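> Show me how the following folds:
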Amino acid sequence: MIGAEYCRTMAAYNAWQNKSLIDALEDLPPGELGRDRGAFFGSIFATINHLLWADGVWVARFDGGERPSGSIADSPRLTEHLSDWRPAREAMDQRITGWAAKLSDHDLEGDLTWYSGSVGREITRTKALCVVQLFNHQTHHRGQIHAMLTAAGAEGYVTDVPFTPDGD
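The predicted model follows:
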């Protein structure tokens, strides 16, 4: 399904997109972050918090590290201010990039079993599918955030995977 190189590519893409997102968020008037815009989690700020929380949950399943506290219902309130969210987001992106850098194709084989609080039961899926979920979920919510940002008057930014900087 996927290999380690896919994970490294998507981890780099994720970090780049979040850097662009941070820049856009910092240019918004403060009241725009918390305004309910009718998205699934309501506001831009609630959505970026949910995404940070979910990334932490998934990566903890992959690397065995610390998982964020709370449930999906608590996730929109993971941090209180953009000044708290930004360093947490940057640390999460480093964690994802570091995890991906160490992966081999073999690490993506087999199943992953976890208890899902959102559906109230144990689930087993292939590791590869779960990794795809991590990156797909990021893209899904960042698309919502991008739409909310542009609706709030922020300048859009490039989101296409082929334009991910390659470090030069």
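> buried ones in the helix or strand of the chain with the lowest mean pLDDT?
Lowest mean confidence among the helices and strands of the chain (mean pLDDT, DSSP states H and E): helix 30-34, at a mean of 89. Within helix 30-34, the residues scored as buried using 16 or more other C-beta atoms under 10 Å are 32-33. In this view, the C-beta of every residue, glycine as well, is placed from N, C-alpha and C.
> from the chain's centre, how far out does it sit?
On the basis of C-alpha atoms, centre = their mean, to the nearest Å, helix 30-34 is displaced by 20 Å from the centre of the chain it belongs to.
> With only the CA atoms kept, save it in PDB.
Output in PDB follows, covering the C-alpha atoms of helix 30-34 (Å, rounded to 0.1, in the frame of the first residue of the first chain):
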ATOM      1  CA  PRO A  30      -7.300  37.900  17.000                       C
ATOM      2  CA  GLY A  31     -11.100  37.800  17.000                       C
ATOM      3  CA  GLU A  32     -11.100  35.800  13.700                       C
ATOM      4  CA  LEU A  33      -9.400  32.700  15.200                       C
ATOM      5  CA  GLY A  34     -12.300  32.000  17.600                       C
END
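> right, and the helix or strand after it?
In the C-terminal direction, the helix or strand that comes right after helix 30-34 (DSSP states H and E) is helix 44-63.
> I'd like the average pLDDT over that following helix.
Model confidence over helix 44-63 averages 98 on the pLDDT scale.
> Pull the number of nearby residues for G110.
A total of 9 residues lie near G110 under the criterion other C-beta atoms under 10 Å.
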